[in-house]
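Student: this one's sequence-less:
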Ligand SMILES: Nc1ncnc2c1ncn2[C@@H]1O[C@H](COP(=O)(O)OP(=O)(O)OP(=O)(O)O)[C@@H](O)[C@H]1O
Ligand SMILES: [Mg+2]
C-alpha cells in the first residue's frame, strides 16, 4: 500500500473522493432543503390553498393566521403553496404579488416593510415618480407604508404579505409602539383599487395574547392550525428523507426508530428528527462506521444538547458568567455564599462587583435558563435558603469560557 493510506488527511480525502462517504445526498438533510414530498399535511395544504383561491378570481382573500409548534411544517407548506400559485401567476396574467418575509431575520420594522415594498416593485433608486422610490433608510414608517399602498393601487395588484415567525414582529412592535400590523390588516379600507391580505405564521401559541384585540380580530379572519406530528408520522417523514440521503441499508432500523422516538417524545418536531439524523450520520462518518446505529443517534442527541448549552453559555454577559463559575466551584451553594464567591472572583479579575440584590435577580434568570438549578433548603430557626448547583458538566463550562480573556485566570 502507498503512504497515502496511512496519512490521516489523505485517507479521509481519498474516502470522500471515491464517494465512500456515508451520506449520499447531504443537502437533503440541511434545514433549507425543500422536499418534493410533504407527508401528512394534505388538509393543511388544502386549507391554505382554499383560502388563497379568491385571489385568482380577482378578489381579496381573508387575512389568515397559521400556527402550530416548531417543526410542524408551517414554513414548508406555506412556501409550497406560494410557489405553486406563483407559477400560475407567471403563466397567466394575474395582477397578483405574493411577498414573503421572515420577521426573525429582520431586525427592524423598517427593514421588514422595505422587504415587502421591494417585492412589490418599489425601487431602491430614485425614480421619476417619487412615490415609487423606497430608500433603505430615512423615511418614516407611515411614509413607507403609504408608498406600499401606492404601488398596490397603481398596479391594481392583489397583494399577499406572508410574515413568517410573526411573533418576532409583535416584539418589534412592542418596542417601537408602531402598530404596523393594525395598519396592514386594515389597509383595504384605504385602498381604492387592489387589495392587501396578511398571512401571519407563528409557533408561539401565546403570541395572540400580546396583540391589540383589534389586530387579532382582523388578522385571524381565518386560522389554520398545524398539530404536532405523532411518532408514526415523524418516522415516515424521516424515512422518506433517508431514502434520498443515503444508500439502501445504511441507516439501521433501530436508529430510525430512536430518532423518531426522541423527536416525537420531545415535541413532534420534524426538524428535530432530521437534525438528529444528520448529526448521527456525521458522527458515524467521522468514526468511519459503515452504518448508522442507535449509538450514533444517542451521541448526536448529546451533542445537540451540548451545543444548545454552549450557545446559551456564550450569550451571557461577563457578570452572569462569573456567577455561573461561582456556582460551579462548589457542589451546592446558597445565595449568600454564591455572592461571596462571586465577589472574590470579581476581585481576582479586577471587576467592580454588582449589588447582592442584582446578583440574586441574575441568579433567578440563570436558573430559568436551566443552566443552574435551585432548591429551597429549610434551616430550622435560620429560616429557608435557596441552594444552587450547576446542571451541566464543568468541562463544558470551562471549555466555553476559556475563549473569554477576562475569565482565563479563574477557570
Ligand atoms: N410533512 C413533512 N414532510 C417532509 N418534511 C417535513 C414535513 N414537515 C416538516 N418537514 C421538515 O422539517 C423541518 C421543519 O419544518 P418547517 O421549517 O416547515 O417547520 P415550521 O413549522 O415552520 O417550524 P418553526 O415554527 O420552527 O419555523 C424542515 O426541514 C421541513 O422540510
Ligand atoms: Mg418556520
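Tutor: On my side now, so go ahead. The model shown is predicted, which means the values in this text are computed figures rather than measured ones. Ligands and ions are numbered 1, 2, ... in the order given.

Student: in a helix, residue 161, correct?
Tutor: No. Membership of residue 161 in a helix is not supported by DSSP: H, G, I helix; E, B strand; the rest coil, which gives strand.

Student: if I look at residue 57, how far off is residue 187?
Tutor: Residue 57 is 20 Å from residue 187, where distance means Cβ to Cβ, to the nearest Å. C-beta here means a position set from N, CA and C on the backbone, and glycine is covered the same way.

Student: and the chain, which of its residues are near ligand 1?
Tutor: 31, 35, 38-41, 68, 70-76, 203, 237, 270-271, 274 (Cβ under 6 Å from any ligand atom).

Student: in strands only, show me the residues you listed.
Tutor: residue 68 (DSSP state E).

Student: weed out the non-buried ones from the residues of the chain next to ligand 1.
Tutor: Among the residues of the chain next to ligand 1, those classed as buried by 16 or more other Cβ atoms under 10 Å are 35, 38-41, 68, 71-76, 203, 237, 270-271, 274.

Student: from those, which land in helices?
Tutor: Of those, the ones assigned to helices by DSSP state H are 74, 75, 76, 237, 270, 271, 274.

Student: contacting residues for the first one?
Tutor: When the contact criterion is Cβ atoms under 8 Å, 6 or more residues apart in numbering, the partners of residue 74 are 66, 67, 68, 164, 201, 203, 226.

Student: walk me through the domains of the chain.
Tutor: 19-32+229-312, 42-226, 316-410 (automatic domain parsing).

Student: I'd like the average pLDDT over the last one.
Tutor: Per-region confidence: domain 316-410 scores 92 on mean pLDDT.

Student: the second one too?
Tutor: What domain 42-226 shows for mean pLDDT is 90.

Student: list the buried ones in the helix or strand hosting residue 322?
Tutor: Using DSSP states H and E, residue 322 maps to helix 318-328. For helix 318-328, a neighbour-count test (16+ other Cβ under 10 Å) marks 319, 320, 321, 322, 323, 324, 325, 326, 327, 328 as buried.

Student: quick one: contacts for the fifth one?
Tutor: Right, residue 323. 338, 342, 359, 362, 363, 366.

Student: enumerate every residue touching the fourth one.
Tutor: Neighbour list for residue 362: 319, 320, 323, 354 [criterion: Cβ under 8 Å, 6+ apart].

Student: just give me the closest of the residues you listed to ligand 1.
Tutor: Proximity of the contacts of residue 362 to ligand 1 (Cβ to the nearest ligand atom) peaks at residue 320, which lies at 26.6 Å.

Student: that closest one touches residue 367, doesn't it?
Tutor: No. Taking contacts as Cβ atoms under 8 Å, residue 320 lies outside contact range of residue 367: 11.4 Å.

Student: who wins for most neighbours among the contacts of residue 74?
Tutor: Among the contacts of residue 74, residue 66 has the most neighbours (other Cβ atoms under 10 Å), with 26 neighbours.

Student: so that one belongs to a helix, correct?
Tutor: No. Membership of residue 66 in a helix is not supported by three-state DSSP, which gives strand.

Student: for residue 6, give me the pLDDT.
Tutor: At residue 6, the model reports a pLDDT of 67.

Student: the spatially closest residue to residue 192 that is not a sequence neighbour: which element?
Tutor: Of all residues not flanking residue 192 in the chain, residue 153 sits nearest, at 6.2 Å (Cβ to Cβ, 6 or more residues apart in numbering). For residue 153, the host element (DSSP H and E) is helix 141-154.

Student: just residue 280 next, same as before
Tutor: Using DSSP H and E, residue 280 falls in helix 270-286.

Student: in that helix, what's buried?
Tutor: Buried residues in helix 270-286 (16+ other Cβ under 10 Å): 270-285.

Student: helices or strands up against it?
Tutor: Counting contacts by 3 or more Cβ pairs under 8 Å, 6 or more residues apart in numbering; DSSP states H and E, helix 270-286 is packed against helix 231-245, helix 253-266, helix 294-315.

Student: could you dump those helices to a markdown table with distance to residue 157?
Tutor: Shown next, in a markdown table, are those (distance: least, Cβ to Cβ, whole Å):
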| stretch | distance to residue 157 |
| --- | --- |
| helix 231-245 | 36 |
| helix 253-266 | 41 |
| helix 294-315 | 41 |
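
Student: on that earlier part again, right, and out of the contacts of residue 74, which lies closest to ligand 1?
Tutor: For the contacts of residue 74, the nearest to ligand 1 is residue 203 (3.2 Å; Cβ to the nearest ligand atom).

Student: contact partners for the closest one?
Tutor: The neighbours of residue 203, taking Cβ under 8 Å, 6+ apart as the test, are 67, 68, 69, 70, 72, 74, 165, 167.

Student: please apply the same query to residue 188.
Tutor: Residues in contact with residue 188, defined by Cβ under 8 Å, 6+ apart, are 60, 195, 196.

Student: now the helices for the stretch 301-411 of the chain?
Tutor: For the stretch 301-411 of the chain, the helices defined by DSSP state H, counting those that start in this stretch cover 318-328, 335-348, 356-369, 394-401.

Student: oh, I was asking about the stretch 1-150 of the chain
Tutor: 8-17, 42-52, 74-91, 109-119, 141-154.

Student: which one of those is the most hemmed in?
Tutor: helix 109-119 (a mean of 20; mean count of other Cβ atoms under 10 Å).
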